[in-house]
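**Student:** Show me how the following folds:
(2 chains)
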Amino acid sequence: MKKALNSLKAIVCILIILFSFTSCEKAGTELSDLMIIQGIGIDTAQGGYKVTVEILNNEQSGSPSGDSSSENKTKIYNAEGETVGAALMQLTTKSGNKPFYAHNRVIVIGQDAANRKLSDIIDYFERNFDSRASELICIAKNTDAEKVIRAKLLNDTVKSKILEKMLEQSYKESLVPRMRIIDAVNAIKDDTSYICIPAVTVRKNGENEDFTLDGCALFDKDETFSMYLGSGDAQGLAYLNDEIKKGFISAELQNGQRATFIINKGKTHYKITKENGVFHYKLTVDVSCDLEEVGGAEYFSTEYGFMEELKAAVGKTIAKKMENTLTVLKSEHGGDAVHYGKRLMLQDYGSYETVKNQWDKAFRDSKTSINVNVTIRRIGEETFHSKK
Amino acid sequence: MEKTKVSTPQFFSLLYLSVLSSIFMYISSPEITISGTDSLLRPVVFIAVSIVSALPLLFVYKKLGQNETNYKKLYESKFGKITAVIYSVVYLLGIVRTTARFDLFASSELFPGAEMTLFIIGLVAVCAALSLLGLESLTRAGVIFTFIVVCATGFVMLSLWDEISVLNFTPLFQDGAGRFFSDSILFSLQASEIGVLLTVLPQIKGNLKKGFVWWAILSGATFIAVLFFVVGTLGAFADTQLFPTYTAVTLAKFGLLQRMDALETAIWILCVVEKIALYFFVVKKNLKILFPKVKKSTLCLVQALSVCAVLVFVSGNLERFSFISYTPIVVGMYVVPVILLPVSVLFYLKKVKKSEKSPQQS
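**Tutor:** Next comes the predicted model:
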């Protein structure tokens, strides 16, 4: 009897789990009744916003015939509303399904929308319980977000997935900064920092189109679009922001030939001093890299001096990139996208408080000295004792 | 009186799970923000406040020891019955508060927008039934659950390591030391479970003082570890989130393993179940003092029904939830069972001792 009662308890528990815990949405919601959003494009419209979403084509995915060639993997819908949230909720009137944001990969902000206040655009994603805080944000450079979401890529694929991978991988390769909802909110809440969001363009590739990452867009402290940074400057940001992950660097040698290095890891150290009322940022960048290719070195491997030349070339290239980025950031439309203000706050809160309200000027007046320490870990199959 | 006894480590593992549920389902408020580096120091104040405020309880333990007859005398007195009424009210409110918070968590994060009232009633029923199994069963489960919770939480937190940014931290005492201390004391007053000690003292064997100090230190250390990852990964964003610890966990990934929030949520439910079941057990024990002839199962049923009635009223209404989370209520739920009642027990014992001596002298 006791055994039977225990079995009954176990069955009741299993049934409870079966009918109450096993889905992302509330029980009873069919997958095909959900609009599983993969990417959201946000543009301006008269009196509000226009959203364009890429959603998974559930009917095609669940087709009993398994025929994946007859229909596209994703569908595109758009809708308008007074706010981003209202526009997104209007999507139901187009598709008949309920928007589901938990699998959204990327939010693309169109050029016109970028000219509006950033917090107005991302507030919905910050509060919505379905949205993930790690959703990536990018800007459609000089174009509409709709064009990015509707891009005609070569293969029938989930475009937002490709865009997400591009943004993630480029961040890992230290090419562009990463901007998630979390990063955007933190940057907005920071009193001194400018916001840097990766910029994407759509380019023709024969009859099809391709996505290209093209630097990043700079937003000022009032959260409005300020200027674009080129790809080289965006790369410099990674070094200035201590966000060196992996990646590559191409350096020019004394003989005019070029050498390419793969970066293994890097770390930027900061020391801030105040000299005659001006903040002096002493940056030390430690980079470890592998030599991938080099031109014009006949017996390069045997010469210690040549290794020193390679290291010096890498150091010079990195320092140059960082200086160039700083020059652009200190220009008329630029600002502190390298968190100098925040770093000062962490190191010397008293000094920070005195300049916080005039930080733009203090940032432009600040001095930076850069020292790059390079370690070459490997030189590839060519060893120290082999002839080229 | 309960015949079964539990060891100090067993009991404090149960209390550890209970207090951990507070940090897992921590709700950021304007009074106590979570995003600054100060958050990492608050658990130090928590340790100090917990140890100091538990002194009256430990004095009661010193006076009564583990002699069950002493406790029986106390419980059977008129004063003991008044104490039992207050304890029952406080911990019934504790059950409502914990369950309502879980309700908010489940309907916001697990199944956004879903009506969770039935689920919550189910949870209350399960916890009430578990409390009938007694303290020994709860603490045994507590030891196993503690192991699972520590391993899983440690794993999830460590997988967040790469997401930590130094820029998410803030200078210490940015809002002033005064604000830090007032925030920290409010933060420390979340641990009203300390008060259950008075009810279960006769059932605990071993060095209670040592066990309590270790509990306070380990709970504080766990808070520091969890808050370090929350602050380091979320920064100021943490204050914009209803359940910041959960938001931090959603960022965790380890190799192919993603969405570890599902794992962590399952673990947190264990903590919540243990906490509510412990509170049910404490209320049931106190009700038994008041109604010795009524069956335990009947008392449990009455408790569960009254809790469910309040929960149905509170569930799905943020205003009502805010009322039961109102700071004076939270403070009262800590101060009354942890400080006021043990102090009054001490006075009562002194009075009894005095009156026992007086007839002898005469």
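
**Student:** From the contact counts, what lies against whichever strand or helix holds residue B:99?
**Tutor:** Using DSSP states H and E, residue B:99 maps to helix B:78-105. Using 3 or more Cβ pairs under 8 Å, 6 or more residues apart in numbering or on different chains; DSSP states H and E as the contact criterion, the neighbours of helix B:78-105 among helices and strands are helix B:68-76, helix B:117-131, helix B:197-200, helix B:261-290, helix B:296-314, helix B:318-324, helix B:327-335, helix B:341-361. Placement of C-beta: from N, CA and C, glycine included.

**Student:** want to throw the ones you listed into a markdown table with mean pLDDT, distance to chain A and mean neighbour count?
**Tutor:** Rendered in a markdown table, the data for these read as follows (pLDDT from 0 to 100; distance: least, Cβ to the nearest Cβ, whole Å; neighbours: other Cβ atoms under 10 Å in any protein chain shown):
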| stretch | mean pLDDT | distance to chain A | mean neighbour count |
| --- | --- | --- | --- |
| helix B:68-76 | 82 | 31 | 16 |
| helix B:117-131 | 91 | 7 | 19 |
| helix B:197-200 | 91 | 27 | 22 |
| helix B:261-290 | 91 | 9 | 22 |
| helix B:296-314 | 92 | 16 | 17 |
| helix B:318-324 | 84 | 13 | 13 |
| helix B:327-335 | 92 | 24 | 15 |
| helix B:341-361 | 84 | 37 | 13 |
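
**Student:** could I get these as a markdown table with distance to residue B:53?
**Tutor:** As requested, the helices and strands packed on helix B:78-105 are exported to a markdown table (distance: least, Cβ to Cβ, whole Å):
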| stretch | distance to residue B:53 |
| --- | --- |
| helix B:68-76 | 21 |
| helix B:117-131 | 25 |
| helix B:197-200 | 11 |
| helix B:261-290 | 18 |
| helix B:296-314 | 26 |
| helix B:318-324 | 22 |
| helix B:327-335 | 8 |
| helix B:341-361 | 9 |
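
**Student:** On the three-state scheme, residue A:39 is what?
**Tutor:** Following DSSP: H, G, I helix; E, B strand; the rest coil, we place residue A:39 in the strand state.

**Student:** Could you count how many residues lie near the nearest residue to residue A:157 once chain neighbours are set aside?
**Tutor:** The shortest distance from residue A:157 to any residue other than its chain neighbours is 6.4 Å, reached at residue A:73 (Cβ to Cβ, 6 or more residues apart in numbering or on different chains). The criterion is other Cβ atoms under 10 Å in any protein chain shown. On that basis, residue A:73 has 17 neighbouring residues.

**Student:** now the helix holding residue B:99: how far from the chain's centre is it?
**Tutor:** Computed by Cα atoms, centre = their mean, to the nearest Å, the separation of helix B:78-105 from the middle of its chain amounts to 11 Å.

**Student:** If I take it and helix B:68-76, what angle do their directions form?
**Tutor:** When axes from the mean of the first three to the mean of the last three Cα atoms, to 10 degrees is applied, the directions of helix B:78-105 and helix B:68-76 differ by 80 degrees.

**Student:** Now helix B:78-105: average pLDDT?
**Tutor:** Model confidence over helix B:78-105 averages 93 on the pLDDT scale.

**Student:** returning to that earlier point: out of the helices and strands packed on helix B:78-105, which comes closest to residue A:40?
**Tutor:** If you check each of the helices and strands packed on helix B:78-105 against residue A:40 by Cβ to Cβ, helix B:261-290 wins as the nearest, at 21.7 Å.

**Student:** Show me what that closest one is packed against.
**Tutor:** Judged by 3+ Cβ pairs under 8 Å, 6+ apart, the packing partners of helix B:261-290 are helix B:8-24, helix B:78-105, helix B:117-131, helix B:135-158, helix B:197-200, helix B:244-250, helix B:296-314.

**Student:** ok, then the element right after the fourth one?
**Tutor:** Going back to what we said before, that points to helix B:135-158. With elements assigned by DSSP H and E, the helix or strand that comes after helix B:135-158 is helix B:177-188.

**Student:** that older thread, is it true that the residue nearest to residue A:157 touches residue A:55?
**Tutor:** No - contact between residue A:73 and residue A:55 fails when scored by Cβ atoms under 8 Å: they sit 10.2 Å apart.
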